[in-house]
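Asks: predicted model and sequence follow; I will ask about them next.
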Amino acid sequence: MPTNNVQAIYPIASLPEHNCAPNTFRMFEKDLSVCVRATQDILKGEHITVTYTDTLWATPERRAHLYFSKHFLCVCDRCKDPTEMGSYITALRCRKKLDGSEKYKIPVANKNFGCLGMMEMALFAKVLFFQKTL
């Protein structure tokens, strides 16, 4: 890979749409060609997706990056789910054990955390409200 700054346009590799839980990933070869590989089976008619952010970023960071750099507000399934599709990547583990199971605190408005086990519906509404205000 060259050590200097290289810019290129890849017309075919730029066709997949964004999703925060993509079904492909891109990799650049030594000759600067790009390879798009599936991360799962893609059914006929299903959209081919890549991420325009980092999959390890939490929802507020991904959405802010997309909004300020790509000029759109992501509303994919992962961004709409306060648990981030069960990954709880933004969450903290709650100290209180309710009904013997583990519960998580999910951030609301990037500051306050609410326990999902105690206030799941109210929290979901607050997260949706916050995301709409971005």
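Replies: Alright, I've got the coordinates. Numbering: from 1, shown residues only.
Asks: in a strand, Cys35, correct?
Replies: Yes: assessed by DSSP: H, G, I helix; E, B strand; the rest coil, Cys35 belongs to a strand.
Asks: SS state for the residue nearest to it when sequence neighbours are not counted?
Replies: Spatially, and ignoring its direct neighbours in sequence, Cys35 is nearest to Met27 (5.2 Å; Cβ to Cβ, 6 or more residues apart in numbering). Placement of C-beta: from N, CA and C, glycine included. Following three-state DSSP, we place Met27 in the strand state.
Asks: which residues touch Met27?
Replies: Neighbour list for Met27: Val34, Cys35, Arg37 [criterion: Cβ atoms under 8 Å, 6 or more residues apart in numbering].
Asks: tabulate the residues you listed (a markdown table), appending neighbour count, distance to Ala64 and pLDDT.
Replies: Converted to a markdown table, the contacts of Met27 look like this (neighbours: other Cβ atoms under 10 Å; distance: Cβ to Cβ, whole Å; pLDDT from 0 to 100):
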| residue | neighbour count | distance to Ala64 | pLDDT |
| --- | --- | --- | --- |
| Val34 | 13 | 26 | 90 |
| Cys35 | 11 | 29 | 91 |
| Arg37 | 8 | 28 | 94 |
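Asks: out of those, which is nearest to Cys20?
Replies: Nearest to Cys20 out of the contacts of Met27 is Arg37 (Cβ to Cβ; 18.1 Å).
Asks: how much space between that closest one and Ala21?
Replies: 16 Å (Cβ to Cβ, to the nearest Å).
Asks: domains of this protein?
Replies: Following automatic domain parsing, one finds the domains of the chain at 1-51, 57-134.
Asks: mean pLDDT lowest where, among the ones you listed?
Replies: Lowest mean pLDDT within the domains of the chain: domain 57-134, a mean of 70.
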